[in-house]
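Q: Just need the structure, nothing else, for what follows:
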Amino acid sequence: MIAALTATENAQLHFGRFSPEVNGGRVIISPDGVRSAQGSVILGGGSFSPGRFLITGAPDATFSVQLPDGPIELVNQATNQTMQVNNWVSDPPAGTGTGVLAGGSEIVSIGATLFVSSMQDNPVGMYTGTFSLTFAYN
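A: Numbering: from 1, shown residues only. Next comes the predicted model:
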């Protein structure tokens with residue numbers, strides 16, 4: 001009998017505060033928590049973070065990480081305008097047998113790229129959405 005594989009979210013993927021300016025661009029969060037911008041996006045202060053999940057199960061077992069296949073939409077609840085999140089990355093990397101439950105646990109960090117349009121198309125507000133991940137024993 002093998003222990004059940006469980007995943008507990010410790011931190012949500014959060015791109016933080018930014019301003020898209022005239023042309024928009026991208027906000028990138030790496031799995032190790034580095035945030036950067038491309039295009040005419042100006043990063044603001046405040047908190048941001050990669051998604052973090054505590055995976056637990058049988059000690060020293062290997063597991064796989066499966067990231068979303070494509071983009072997901074974040075929606076501004078006040079205006080219904082959207083932004084896309086894509087280019088998913090993780091540590092350990094996605095794939096079969098990339099994670100090891102050393103001592104029965106491992107942290108998986110998730111990063112991605114947020115594609116932002118102009119200030120007119122993506123006005124100030126809270127944008128939210130969901131995405132699915134799969135963690136499985138090999």
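Q: Buried residues in the host helix or strand of residue 90, which are they?
A: Take DSSP states H and E as the rule and residue 90 turns out to sit in strand 82-91. Neighbour counts over strand 82-91 (16 or more other Cβ atoms under 10 Å) mark 82, 83, 84, 85, 88, 89, 90, 91 as buried. C-betas here are computed from N, CA, C, even on glycine.
Q: now swap in stretch 59-70 and tell me
A: Quick answer for stretch 59-70 (16+ other Cβ under 10 Å): 61, 63, 64, 65, 67, 68.
Q: Quick one: residues contacting the last one.
A: By that I understand residue 68. When contacts are counted by Cβ atoms under 8 Å, 6 or more residues apart in numbering, residue 68 touches 88, 131, 132, 133.
Q: returning to what we had before: reformat the buried residues of stretch 59-70 as a markdown table; add distance to residue 138.
A: Below are the buried residues of stretch 59-70 laid out as a markdown table (distance: Cβ to Cβ, whole Å):
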| residue | distance to residue 138 |
| --- | --- |
| 61 | 8 |
| 63 | 6 |
| 64 | 6 |
| 65 | 11 |
| 67 | 16 |
| 68 | 20 |
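Q: Quick check, pLDDT for residue 125.
A: The model reports residue 125 with a pLDDT of 89.
Q: Show the contacting residues for the closest residue to it other than its chain neighbours.
A: Once flanking residues are discounted, residue 125 sits nearest to residue 76: 4.4 Å by Cβ to Cβ, 6 or more residues apart in numbering. Residues counted as contacts of residue 76 (Cβ under 8 Å, 6+ apart) are 82, 122, 123, 125, 126, 127.
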